[in-house]
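Student: Here is a sequence together with a model predicted from it:
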Amino acid sequence: MEPINPMLTPLIANPKAVHIGYVPLLDCAPLIVAQEAGFFAAEGLDVSLQRESNWASIRDKLSLGILDAAHILAPMVLASQLAAANEDGAKTFKTALAMGYNGNAITLSSQLYNQLKPSDGGFRAIAAALKVHLSLTTKKLQVGTVHPHSMHTYLLHLYLTRAGIDTTRVTIKVIPPVNMVKAMLDGKVDLYCVGEPWNTAAQIAQAGQIICYGSELWAHAPEKVLGVNQGFANTRPEVHEKLLAAIVRACQWLECADHIAQSALWMARPTYLNCSSDLLIQAMLSQWHTQSSPHQRKVFFSDQANAPWPAHARWMLDAMQAYNQIDTAKLITSLEGLYDWDTYQRVMTRLDLPTPERERFPGLLPAIQRATVG
Amino acid sequence: MNILLIDQIANRAKPLEAALTALGHQVVVRPSGKYTIYHMVETFQPDVVIVDADSPDRDTLEDVSATSDRYPRPIIFFATDEDDQVIRQSIQAGVSAYIVDGLQPSRVKTLLNVAISRFEEHQRLKGELLKTRNELSDRKILDKAKGLLMKHKQCDEDAAFSAMRKMAMNKNVKLAEIAQDVIDLFS
């Protein structure tokens, strides 16, 4: 045998190594499960999961390739591309996999909820009472979201529209999810939209009441996607596909109610969410138990929840325009490079799972009403 | 300058605060996640914000710079584990200016200047882009108005254009405004 020439060894130190970032929320579950249940290892990958405390940091590191992939807010993929097109065309990231539908809820502070005295706990009664409350005061409703470019922001707009509340009567602020419950307890925010476990946590702390599930506003709403650095996807397509295959397997595994306790124990660990597993179990139980009802919450796998639907991307671009976040969506001429359907399709075929048709989105798209220009 | 310093690591913030104060700046140090950023920005009106790259408050700061004309201020980040290469890349990509952990106070002034000039460059480009866009839409309006005039007054392109220019001169308003009036009138 010839001796190995060290000059010919590949530049990548470990060809199986992949760095993935996540924000500690319940919906990063597929990544933690893929790691702990061994779905990444089964694909021969050596994944390191890196916890990040804000979306801006995830986005920057993903753009620069410090992270190969990350759990990220779906609208951020589009917003970053628009920002790059506006400036110097810096390298960005794309997605070939959604990490599920929904999972958010809207929570109203207990203090305000008790003042409202709605006729019942249903969506309509509370929304009507909230509208009456606002008509009797000059104070603006203080509303919390997690980032300007998030489904949370758009769901809040959908809620306000359906409740008949004028956006000029509210102030929307960005509050990090970890600080949401405290902000509500301190009276800094009256109502917020956030992912779990921060709605369940507010109920446990008696700081707030869940008044609406994201799925009541839109049953097949986008939420997080797996963002991948463009350079990573171009130079290591095989690794990219293996990564997606492992995550799809994890999503499938997560939909079995028997796996709740195990996944909560993994996620609660100090290196991951660093919280009580009881809180996670409560948040997850309510998710699974309501799955047959119209208040279906987080969906990790069913109804082709992992597809990078172009219908989602187009809706989010419309929302960005309607809510005055961008002046034009024309800069994104094609979604091909951003919402990578072909890679998704190859992964599904490889896993022997049915692939839907690209333009046959299984749900309805909620109508967007333009926000008042303030 | 007013400088807002947000950091949870006190012994990192302290020497930096001292260095900035020595340079004659007003510095307010605030631990991460304690009070609302909106309130801080409103009351203290910082010219520069220096924040821990790992602070959850970064998302709030993004909203502050996106929604307010008065506060698209340069923001500088502390980073703990990035090497020089990464910092250079980030600055090139316009993401942000990163300060490495264990920063020498003597380098503070240089970094501040780099961040501020990058910010000003960014603002200039943004302004130019806006101007180009406005010019482009002015031209579209003008073309549409010309077409409408030609159709309704049955004149040629030159006549339509000089009619509008004359009106603009008489009224002492921009040509694009007259064109918009024409469009409103005929469509």
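Tutor: Received it, and whenever you're ready, just let me know what you need.
Student: going forward, measure contacts between C-alpha atoms and count neighbours the same way
Tutor: Fine.
Student: now the stretch 1-150 of chain A, which segments are flagged as low pLDDT?
Tutor: The stretch 1-150 of chain A contains residues with pLDDT under 70 at A:1-12, A:84-91.
Student: From residue A:180, how far off is the residue in the stretch 251-374 of chain A that chain B sits nearest to?
Tutor: With distances taken as C-alpha to the nearest C-alpha, the stretch 251-374 of chain A approaches chain B most closely at residue A:325, which sits 8.8 Å away. For residue A:325, the distance to residue A:180 (C-alpha to C-alpha, to the nearest Å) stands at 23 Å.
Student: Kindly report the same for residue A:125.
Tutor: From residue A:125 to residue A:180 the distance is 25 Å (C-alpha to C-alpha).
Student: So for these two, which sits in the more crowded spot?
Tutor: More neighbours surround residue A:180 than the other of residue A:125 and residue A:180, with 25 against 15 (other C-alpha atoms under 10 Å in any protein chain shown).
Student: Just the element for that one, please.
Tutor: helix A:177-185 (DSSP states H and E).
Student: Tell me, how many residues neighbour the residue of the stretch 251-374 of chain A closest to chain B?
Tutor: 15.
Student: That one: what secondary structure?
Tutor: coil (DSSP: H, G, I helix; E, B strand; the rest coil).
Student: And for residue B:4?
Tutor: Assignment for residue B:4 (three-state DSSP): strand.
Student: which residues does it form a beta bridge with?
Tutor: residue B:28, residue B:49 (DSSP bridges).
Student: check contacts around it.
Tutor: Going by C-alpha atoms under 8 Å, 6 or more residues apart in numbering or on different chains, residue B:4 touches B:27, B:28, B:29, B:30, B:46, B:48, B:49, B:50.
Student: element containing residue A:71, please.
Tutor: Going by DSSP H and E, residue A:71 is in strand A:69-73.
Student: Next secondary structure after that strand?
Tutor: helix A:74-86.
Student: Buried ones in that following helix, by neighbour count?
Tutor: Across helix A:74-86, burial judged by 16 or more other C-alpha atoms under 10 Å in any protein chain shown covers A:74, A:75, A:76, A:77, A:78, A:79, A:80, A:81, A:82, A:84.
Student: ok, the second one touching residue A:151?
Tutor: What it means is residue A:75. Yes: at 7.0 Å, residue A:75 counts as touching residue A:151 under the criterion of C-alpha atoms under 8 Å.
Student: Of the buried residues of helix A:74-86, which is the nearest to chain B?
Tutor: residue A:84 (9.2 Å).
Student: by contact count, what packs against the helix or strand encompassing residue A:134?
Tutor: Remark: residue A:134 resides in helix A:123-135, with elements defined by DSSP H and E. Packed against helix A:123-135, as judged by 3 or more C-alpha pairs under 8 Å, 6 or more residues apart in numbering or on different chains; DSSP states H and E, are the following elements: helix A:110-116, helix A:151-163, strand A:208-213.
Student: In CSV, list those along with distance to residue B:125 and mean neighbour count.
Tutor: Listed next are the helices and strands packed on helix A:123-135 as CSV, based on distance: least, C-alpha to C-alpha, whole Å; neighbours: other C-alpha atoms under 10 Å in any protein chain shown:
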stretch, distance to residue B:125, mean neighbour count
helix A:110-116, 45, 16
helix A:151-163, 28, 21
strand A:208-213, 42, 22
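Student: looking at those, which is closest to chain B?
Tutor: Judging those by C-alpha to the nearest C-alpha, what sits closest to chain B is helix A:151-163, at 11.7 Å.
Student: Do any residues in the closest one lie close to chain B?
Tutor: No: Helix A:151-163 lies out of reach of chain B by C-alpha under 8 Å from any C-alpha of the partner chain, never closer than 11.7 Å.
Student: ok and that helix relative to helix A:74-86, angle-wise?
Tutor: On the basis of axes from the mean of the first three to the mean of the last three C-alpha atoms, to 10 degrees, helix A:151-163 is oriented at 110 degrees to helix A:74-86.
Student: Give me the buried positions along the helix holding residue A:134.
Tutor: A:123, A:124, A:126, A:127, A:128, A:129, A:130, A:131, A:134.
Student: Surely the fourth one touches residue A:163?
Tutor: In other words, residue A:127. Yes: under the criterion of C-alpha under 8 Å, residue A:127 makes contact with residue A:163 at 5.0 Å.
Student: residue ranges for the strands of chain A, please.
Tutor: A:17-22, A:46-51, A:69-73, A:93-98, A:104-109, A:141-145, A:170-174, A:191-195, A:208-213, A:224-229 (DSSP state E).
Student: Chain B: which of those strands is closest?
Tutor: strand A:170-174 (4.9 Å).
Student: Dump that closest one to PDB, keeping only the CA atoms.
Tutor: Taking C-alpha atoms only, strand A:170-174 is exported to PDB below (Å, rounded to 0.1, in the frame of the first residue of the first chain):
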ATOM      1  CA  VAL A 170     -51.500  49.000  19.900                       C
ATOM      2  CA  THR A 171     -47.800  49.300  20.400                       C
ATOM      3  CA  ILE A 172     -45.900  46.200  19.300                       C
ATOM      4  CA  LYS A 173     -42.600  45.600  21.000                       C
ATOM      5  CA  VAL A 174     -39.900  42.900  20.700                       C
END
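Student: Would you mind pulling the contact partners of that strand?
Tutor: A:140, A:141, A:142, A:143, A:144, A:145, A:146, A:147, A:148, B:59, B:60, B:63.
Student: mind checking how far residue A:105 is from residue B:128?
Tutor: For residue A:105, the distance to residue B:128 - C-alpha to C-alpha - is 41 Å.
Student: Looking at the two, which one has more neighbours?
Tutor: The neighbour comparison of residue A:105 against residue B:128 (other C-alpha under 10 Å) goes to residue A:105, with 27 against 12.
Student: Given the strand holding residue A:71, what are its sheet partners and their directions?
Tutor: In its sheet, and by DSSP bridges, strand A:69-73 pairs with strand A:17-22 (parallel), strand A:224-229 (antiparallel).
Student: Just name the most buried of the ones you listed.
Tutor: strand A:224-229 (a mean of 26; mean count of other C-alpha atoms under 10 Å in any protein chain shown).
Student: any weak-confidence spans in chain B?
Tutor: Using pLDDT under 70, chain B drops low at B:32-35, B:66-108, B:111, B:114-115, B:118-119, B:122-123.
Student: Give me the helices and strands touching the helix of greatest length in it, please.
Tutor: When chain B is scanned for its longest helix (criterion: DSSP state H), the result is helix B:108-153. Applying 3+ C-alpha pairs under 8 Å, 6+ apart, one finds that helix B:108-153 contacts helix B:10-22, strand B:97-100, helix B:157-171, helix B:175-186.
Student: any chance of the ones you listed in CSV, plus mean neighbour count and distance to residue A:155?
Tutor: Putting those into CSV (neighbours: other C-alpha atoms under 10 Å in any protein chain shown; distance: least, C-alpha to C-alpha, whole Å) gives the following:
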stretch, mean neighbour count, distance to residue A:155
helix B:10-22, 15, 38
strand B:97-100, 23, 33
helix B:157-171, 15, 46
helix B:175-186, 17, 36
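Student: could I get those as a markdown table with distance to residue A:208?
Tutor: A markdown table is the format used below for the helices and strands packed on helix B:108-153 (distance: least, C-alpha to C-alpha, whole Å):
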| stretch | distance to residue A:208 |
| --- | --- |
| helix B:10-22 | 33 |
| strand B:97-100 | 38 |
| helix B:157-171 | 59 |
| helix B:175-186 | 50 |
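Student: Name the nearest residue to the spatially most central residue of chain A, sequence neighbours excluded.
Tutor: In chain A, the residue lying closest to the centroid (C-alpha atoms, centre = their mean) is residue A:224, at 2.7 Å. In space, and not counting its chain neighbours, residue A:224 is closest to residue A:73: 4.7 Å by C-alpha to C-alpha, 6 or more residues apart in numbering or on different chains.
Student: Can you give me every residue that contacts that neighbour?
Tutor: Neighbours of residue A:73 in contact, by C-alpha under 8 Å, 6+ apart: A:55, A:149, A:150, A:151, A:223, A:224, A:225.
Student: If we use 7 Å, what do you get?
Tutor: A:150, A:223, A:224, A:225 (C-alpha atoms under 7 Å, 6 or more residues apart in numbering or on different chains).
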